[in-house]
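Novice: predicted model and sequence follow; I will ask about them next.
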Amino acid sequence: MPVRLHVLASTARHAASSSALVFRLVAFRLTPLLLHLSYFLAIDLLGFLALVLLRRSSPAAGAYRPRYVDVLFMSTSAVTVTGLATVEMEDLSASQLVVLTLLMLLGSEVFVSVLGLVLESSRQQRQQRGQSRRQDHAGRVIRPSSVTAAVRDEPDLEEAGNNINSQAPPSSSEDSSGDGDNHKERCRAVRSLALVLSAYMAAVLVAGSVLVFAYVATVPAARDVLARKRLGAALFSVSATVSSFTNGGLLPTNESMAVFAANRGLLLLLAGQILAGCTLLPVFLRLAVGATRWVARAVSAGRGGHDEELEPVSVDRSAAAAGFGHLLPSVPRAASLAATVVAVAAAAAALLCCMNWNSAVFAGLTPGEKVTNAVFMAVNVRQAGENSVDCSLVAPA
């Protein structure tokens, strides 16, 4: 038995080292375009295989069994967060819904941005280590000819030593000390931004899932819908939260959110998550960075130190230099973006209410529910594709 455990541990170590080697080769040798293409193709194919293997072995009588091309399309749709489906979501098993939820998360803009920041931080660390080695090597290099000439020309060895130090050119370590500090500062800032973005994503997903679960568990109307469709509250909560935050648009129900048109609280919760993962992401991330900076300063002040990792100029410049400036705009631009998003959503909701107030679109809904559905549809127009009304009944204008 101990021999088997030793073999398993050795195999696991070799597999981990091989995986790390492959990761370094792929991450640092490929161009950004090929790296993105390889990443999406890999998770798309893995998702396709998982969906095929997790198909129901004995579907119910008369139930539709998806073809391989349909499964591949669903996997691609989830990875690219397009929200297009060729099969009814309720025909999928719970395991397949979990796979689709995971694919939407792995292909979302926020998760891909986190991976990009992590790779950029690793690349800068490698450059910094290489630069440090070059500086150490340059500092150890001594020119024999210059030393001999100085000693020969000077009668006093002490004066010769002083002359050598004065005549020696400023080493490359002195010339590049500023660059090394800049590299180190940028690396810290990018790493800090990656941590803040990861924490932001985790907080939104966890809080959103808990709030949605609490709503569907306490509101009888929403709970009855899930019971009628034989959907678990936990699975629906996580899947709906991930779909909304990533703007994936693949919900576990065939009618999307139309079956919850009368549940204003649920629609508002998902609308907030859609905005948090799409148009208002830079605004909320700017607020998260500001809050993290305030906490870091408070902790540093308590310790009597000063933390420079989240300084405004450092983080902003580092994010822009790494190609992620769109995630962290300046404060005026963030305020302008927030005002634009709110104004456009309000205008779209007002127009939708004006043209469809007494039509079949909002049939059977109270005035408050009509306004909530109009706001939800206005938010979804951007990209998410989670409809709470029948779009075929909406006025052509």
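Specialist: In hand now; what should we look at?
Novice: okay, now the unreliable bits of the chain?
Specialist: 1-29, 56-64, 127-183, 304-314, 318, 322, 397 (pLDDT under 70).
Novice: what's the longest helix in it?
Specialist: For the chain, the helix that runs over the most residues, judged by DSSP state H, is helix 177-218.
Novice: please list the residues outside the following helix or strand past that helix that contact it.
Specialist: Helices and strands here follow DSSP states H and E; after helix 177-218, the next one along the chain is helix 220-228. Contact with helix 220-228 is made by 215-217, 232-233, 236, 253, 259-260, 262-263, 266, as judged by Cβ atoms under 8 Å, 6 or more residues apart in numbering. C-beta here means a position set from N, CA and C on the backbone, and glycine is covered the same way.
Novice: list the buried ones in helix 220-228?
Specialist: Buried residues in helix 220-228, counted by 16 or more other Cβ atoms under 10 Å: 222, 225-226.
Novice: let me have these in CSV, extended by distance to Phe362.
Specialist: Rendered in CSV, the data for these read as follows (distance: Cβ to Cβ, whole Å):
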residue, distance to Phe362
Ala222, 19
Val225, 19
Leu226, 23
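Novice: for these, which one is nearest Val71?
Specialist: Set against Val71, the nearest of the buried residues of helix 220-228 by Cβ to Cβ is Leu226 (24.9 Å).
Novice: tell me the two of the contacts of helix 220-228 that are most distant?
Specialist: Gly232 and Ala262 (21.4 Å).
Novice: what about the helices in the stretch 201-350 of the chain?
Specialist: Counting by DSSP state H, counting those that start in this stretch, the stretch 201-350 of the chain has helices at residues 220-228, 233-245, 264-277, 281-303, 312-321, 331-356.
Novice: tell me what the longest helix of the chain is packed against?
Specialist: helix 109-140, helix 220-228, helix 233-245, helix 264-277, helix 281-303, helix 312-321 (3 or more Cβ pairs under 8 Å, 6 or more residues apart in numbering; DSSP states H and E).
Novice: got these as JSON lines, with distance to Leu197 columns?
Specialist: Converted to JSON lines, those look like this (distance: least, Cβ to Cβ, whole Å):
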{"stretch": "helix 109-140", "distance to Leu197": "5"}
{"stretch": "helix 220-228", "distance to Leu197": "31"}
{"stretch": "helix 233-245", "distance to Leu197": "13"}
{"stretch": "helix 264-277", "distance to Leu197": "12"}
{"stretch": "helix 281-303", "distance to Leu197": "6"}
{"stretch": "helix 312-321", "distance to Leu197": "10"}
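Novice: of those helices, which is nearest Leu84?
Specialist: Per Cβ to Cβ, nearest to Leu84 of the helices and strands packed on helix 177-218: helix 233-245, 13.0 Å.
Novice: fine by me, we can end here.
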